[in-house]
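[1] coords please:
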Amino acid sequence: MTKESKIGRISSSSVATSEDNERYWKRILIVDDDPDNTTTFKVGIENANKRIAVDAYNDPRRALLDFQPNFYDLLLIDIKMPQINGFQFSERILDIDINVKICYMSSGEINRDALREVHPSITLGCFIKKPVTINYLIDRIMQELD
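    Prediction:
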């Protein structure tokens, strides 16, 4: 596997099997350009709850190519990414799967009024400020999944 592919995606295949459906209660997709974040979040979430499967991508373009509608229960999306920002990414995802829940993550503050002007279709219901502890992240995820 090349360095580029390792950075692009950190997970096993996203093709669900009937065995996977029985094994996993929920599925989460993480998209963050920082490999340390995606690895830490993926391992932390999966260790805290063995019934949650996590796919993690560092390249939002690759995540868009692999995304399947009606597959994920929750997306954790970093807002500031170089190729496609989190809002652009989520707009494209919502064109594919209108029902998926999205939590945005950022180390910066969000101006909600400015966001509405630039991305009127985006609602910022779930926002996670980084840095974040795994315990807080898991609490937020469980709130969104309930």
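[2] CA only for contacts and neighbour counts going forward, please
    Will do.
[3] so who does the closest residue to Asn58 other than its chain neighbours touch?
    Distances taken as C-alpha to C-alpha, 6 or more residues apart in numbering place Asp33 nearest to Asn58, at 4.2 Å, with adjacent residues excluded. When contacts are counted by C-alpha atoms under 8 Å, 6 or more residues apart in numbering, Asp33 touches 57-60, 78, 81-82.
[4] Rebuild these as TSV, extending it with distance to Phe71 and neighbour count.
    Below are the contacts of Asp33 laid out as TSV (distance: C-alpha to C-alpha, whole Å; neighbours: other C-alpha atoms under 10 Å):
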residue	distance to Phe71	neighbour count
Tyr57	15	27
Asn58	19	26
Asp59	19	22
Pro60	17	27
Asp78	20	28
Met81	23	19
Pro82	26	10
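[5] Among the residues you listed, which lie within strands?
    57, 78 (DSSP state E).
[6] Tell me the one of the contacts of Asp33 nearest Ile102?
    Nearest to Ile102 among these, counting by C-alpha to C-alpha, is Asp78 at 10.5 Å.
[7] What sits closest to Leu137 if chain neighbours are left out?
    Ile128 is the one closest to Leu137 (C-alpha to C-alpha, 6+ apart), at 7.7 Å.
[8] State whether the one you found is indeed within a strand.
    Yes. The assignment for Ile128 (DSSP: H, G, I helix; E, B strand; the rest coil) places it in a strand.
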